[in-house]
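Asks: Following is a predicted model, sequence given first.
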Amino acid sequence: MATSLLRVPPPQSLLRPLAVPERLLLGPGPSNVPPRILAAGGRQLLGHMHPEVLQVMDEIKAGIQYAFQTQNRLTLAISGTGHCAMEAAFLNLLEHGDTVLVAVNGIWGQRAADIARRLGMLGTAGQHCPGDGHFPLCFMQGLVRHKPSVLFITHGESSTGVLQPLEGLGKLCHRHGCLLLVDAVASLGGAPIFMDQQEIDVLYSGSQKVLNAPPGSAPISFSNQAREKMLRRKTKPPSFYLDMGWLANYWGCDGEPRRYHHTAPINSFFSLREGLAMLAELGLESSWERHRANCAQLCKGLSDLGLELFVKEEKARLPTITTIRVPEGYDWKDIIAFLMDNHAIEITGGLGPSVGKVLRIGLMGCNSTSGNVDRVLRALRDALGCCRRSRL
Ligand code: PMP
């Protein structure tokens, strides 16, 4: 009788069916994926060089150009999440020894500075006054003092719920010989951004927020100035996987025959294509208005519940993610757990500098509805009634 050579048995957990409960994802992302996008991701595979897949990639590229409001030829989706696009932007645009100025208005600035330092760039992080209309002054000082080749800033700071105004910043950077790199992972489709008109040189986002696709692909685009800077590099980018020269070719951005670079996450691309198609069908302006209106309804309802909005100034609020101060007498973890256990709704606590201070409620893409605002307000009212601690 043959004795098995196996010393590790099949795991019991894998012999049970996959369990995925129904939840309303009203955290800062991912957001729920509507049936049309789920169906697209569940389609049968094709080869990553098949003409039909290349056609889908061309459609994604056109969808990103629309969502970003750009004519940039070098526009594509990274096979990875928002962090991957962030790293791709840094490691292609900058070389060892370059100086980058990072505007830190929350965790994403902190992470950008970390990435820059790991790559050997002389990262100069600057705290600044987010949402403050006088921001060009803070940046002007940084641009003059540090003479960076790139300024990084987050448009929608998901850790604090602040929307950073960008007007005039691209022009200011260009006057100082600096390129502007913007993170719009949490804001794209939810708040206006105009890559070309605002003179943004590199813009990236993610698939799992307003676009309502699963995480795993990240739109990115480079201006001509950014492209030229990359072409002048003395050294190759330190990542093969994220090398924009290779990616530009695979995405058909360089006019050369397309070559295999990596096996693209084809089904993620199908989903992203549908997310971008839904945004194109709705129209950017309607999408911005939808996020504005539902965020306003949420903010009013939260104030009516006696909760304090973290971002005081209305125009500085990110329409996709609303932050409230953790109410006095409550533990933020109790509130989150209550909503999850009793209402199957996800909201989250703070992140990075806002941990312990805020609760975050996201209304993104198809999750941004008046009905969902009512649902989360009802759930919060229940939580306020049930979660108060006698002593903290
Ligand atoms: N930037 C911002 C503003 C984000 O909100 C996030 C995700 N929360 C990221 C970057 C990172 O994206 P990912 O989690 O998809 O890597």
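Replies: Yep, it's here.

Asks: By mean pLDDT, point me to the weakest helix or strand of this structure.
Replies: The helix or strand of the chain with the lowest confidence, counting by mean pLDDT, DSSP states H and E, is strand 122-127 at a mean of 71.

Asks: name the helices or strands packed onto the helix or strand just after that one?
Replies: The helix or strand immediately downstream of strand 122-127 is helix 135-146, counting by DSSP states H and E. Here helix 135-146 is seen to pack against strand 99-104, strand 122-127, strand 150-154, helix 169-175 when contacts are counted using 3 or more C-beta pairs under 8 Å, 6 or more residues apart in numbering; DSSP states H and E. Using the backbone N, CA and C atoms, a C-beta is placed for each residue, glycine as well.

Asks: rewinding a little: buried ones in the least confident helix or strand of the chain, by neighbour count?
Replies: L122, G123, T124, A125, G126 (16 or more other C-beta atoms under 10 Å).

Asks: mind listing what it pairs with, with the direction of each?
Replies: Sheet pairing here is set by DSSP bridges, and for strand 122-127 it gives strand 99-104 (parallel).

Asks: do the partner strand and the ligand meet?
Replies: No - for a cut-off given as C-beta under 6 Å from any ligand atom, strand 99-104 has no contacts with the ligand; the smallest distance is 12.6 Å.

Asks: And stretch 320-335, by the same measure?
Replies: No - residues of stretch 320-335 contacting the ligand under C-beta under 6 Å from any ligand atom: none, with a closest distance of 7.9 Å.

Asks: end to end, how far does that stretch reach?
Replies: Start-to-end span of stretch 320-335 (C-alpha to C-alpha, to the nearest Å) is 20 Å.

Asks: mind checking how far it is from the chain centre?
Replies: Here stretch 320-335 is found 22 Å from its chain centre; the criterion is C-alpha atoms, centre = their mean, to the nearest Å.

Asks: Contact partners for the closest residue to R23 other than its chain neighbours?
Replies: Spatial nearest neighbour of R23, excluding adjacent residues (C-beta to C-beta, 6 or more residues apart in numbering): A344 at 5.0 Å. By C-beta atoms under 8 Å, 6 or more residues apart in numbering, the contact list for A344 reads P21, E22, R23, L24.

Asks: Return a selection command, for use in PyMOL, containing the buried ones of those.
Replies: Only the buried entries of the contacts of A344 go into this PyMOL selection, using 16+ other C-beta under 10 Å:
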select buried, resi 24
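
Asks: Which pair of the contacts of A344 spans the longest distance?
Replies: Within the contacts of A344, P21 and L24 form the most distant pair, 10.9 Å apart (C-beta to C-beta).

Asks: right, and out of the contacts of A344, which lies closest to R292?
Replies: Lowest distance from R292 to those (C-beta to C-beta) belongs to L24, with 20.9 Å.

Asks: Contact partners for the closest residue to the ligand within the chain?
Replies: Relative to the ligand, the nearest point of the chain is G82 (2.4 Å; C-beta to the nearest ligand atom). When contacts are counted by C-beta under 8 Å, 6+ apart, G82 touches D183, V185, Y204, S205, G206, A218.

Asks: Recalculate using a threshold of 6 Å.
Replies: Residues in contact with G82 (C-beta atoms under 6 Å, 6 or more residues apart in numbering) are V185, G206, A218.

Asks: interface residues of this structure facing the ligand?
Replies: 28-29, 81-83, 108, 154, 156, 158, 183, 185-186, 206, 215.

Asks: Make TSV from the residues you listed and add secondary structure and pLDDT to it.
Replies: As requested, the residues of the chain next to the ligand are exported to TSV (DSSP: H, G, I helix; E, B strand; the rest coil; pLDDT from 0 to 100):
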residue	secondary structure	pLDDT
P28	coil	98
G29	coil	97
T81	coil	98
G82	helix	98
H83	helix	98
W108	helix	95
T154	strand	96
G156	strand	97
S158	coil	97
D183	strand	98
V185	coil	98
A186	coil	98
G206	coil	98
P215	coil	98
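
Asks: PyMOL command for the buried members of these?
Replies: Only the buried entries of those go into this PyMOL selection, using 16+ other C-beta under 10 Å:
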select buried, resi 28+29+81+82+108+154+156+158+183+185+186+206+215
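
Asks: Among the residues of the chain next to the ligand, give me the pair with the biggest separation.
Replies: Largest separation among the residues of the chain next to the ligand by C-beta to C-beta: T154 and P215, giving 18.1 Å.

Asks: quick one: R360 and T348 touch, right?
Replies: Yes - with contacts counted by C-beta atoms under 6 Å, R360 reaches T348, the gap being 5.0 Å.
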